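*Asks:* Pasted the sequence and its predicted model underneath.
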Amino acid sequence: MVETTRRRAIEDAASVLFRRQGYAATSIRDIARALDIQGASLYAHVASKEEVLRSIVDRVATRFERAADEARIDGGDADVLLAALIRAHVAVATADVGEASVFVHEWRHLSEPHRAAVLARRDAYEARFRAVIADGIATGVFAMTDPAVAATFLLTALNGIPTWYRPEGPLSPAQIADLHADLAIRSLTEASR
């Protein structure tokens with residue numbers, strides 16, 4: 001349990017630093033300094049800085065995937081399904097903005113084959129949004145558009161949330177989710193009216 005707690009403390013400190021100054025500009029010494037331990041001591045808990053990044057990225061990717069799985073509503077219209085996916089995404093992005101930001105921006109620093117594996121997971125996650133949008137177009141709920149472009153547009157907006165969201169800010173995560181869902185649904189339906 002102590003090892004798990006120490007490992008999580010390392011990942012939390014790294015997450016703050018990766019978000020603040022970027023993965024490339026953060027050293028193992030920076031992480032150790034943030035924890036008030038010696039750099040060499042850090043290696044008793046982690047093999048490398050990249051291992052820490054890989055762990056953070058994997059944890060957040062899993063959170064996004066699970067939230068999307070839980071948001072899946074059987075038999076719902078595409079607009080209801082898309083709103084549920086948006087709300088799930090916002091919930092994860094705002095639950096830990098540091099880790100979400102690291103996931104969104106720093107995963108590209110992973111070496112192969114880890115980067116390819118994360119890219120495959122991101123593509124599969126985006127495919128969920130594309131499929132709901134395509135279904136909405138096919139059933140007449142959404143206007144004709146390119147589902148891939150629409151999904152990319154939407155996820156770009158959603159992935160921007162960790163860069164500006166602050167828990168002490170004027171909007172709650174639920175309000176942000178509702179606003180994003182409303183904007184997305186209106187943008188996909190307005191042209192069909």
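*Replies:* Received, thanks. Numbers count the residues shown, from 1 in each chain.
*Asks:* so how far is the lowest-mean-pLDDT helix or strand in the chain from its chain's centroid?
*Replies:* Confidence across the helices and strands of the chain bottoms out at helix 39-42, with a mean of 78, counting by mean pLDDT, DSSP states H and E. Here the centre of mass of C-alpha atoms in helix 39-42, compared against the chain's by CA atoms, centre = their mean, to the nearest Å, lies 29 Å away.
*Asks:* which non-adjacent residue is nearest Phe64?
*Replies:* On the basis of CB to CB, 6 or more residues apart in numbering, the spatially nearest residue to Phe64 that is not a chain neighbour turns out to be Val92, at 5.2 Å. The C-beta positions use only the backbone N, C-alpha and C, and glycine is treated the same way.
*Asks:* that older thread, tell me which other helices or strands the least confident helix or strand of the chain touches.
*Replies:* Judged by 3 or more CB pairs under 8 Å, 6 or more residues apart in numbering; DSSP states H and E, the packing partners of helix 39-42 are helix 28-35.
*Asks:* Buried residues in the helix it packs on, which are they?
*Replies:* Ile28, Asp30, Ile31, Ala32, Ala34, Leu35 (16 or more other CB atoms under 10 Å).
*Asks:* and the closest residue to the second one other than its chain neighbours, what pLDDT?
*Replies:* This points to Asp30. Counting by CB to CB, 6+ apart, the nearest residue to Asp30 once its immediate chain neighbours are dropped is Leu17, at 5.5 Å. We note a pLDDT of 95 for Leu17 in this prediction.
*Asks:* Leu17 is in contact with Ala34, isn't it?
*Replies:* Yes: the pair formed by Leu17 and Ala34 meets the contact definition of CB atoms under 8 Å, at 6.3 Å.
*Asks:* picking that back up, who touches whichever helix or strand comes after the least confident helix or strand of the chain?
*Replies:* Counting by DSSP states H and E, the next helix or strand C-terminal to helix 39-42 is helix 49-71. The contact list for helix 49-71, computed with CB atoms under 8 Å, 6 or more residues apart in numbering, reads 7, 10-11, 14-15, 18, 23, 26-28, 31, 46, 81, 84-85, 87-89, 91-92, 95-96, 99-100, 102-103, 106-107, 109-111, 114, 118, 121-122, 125, 128.
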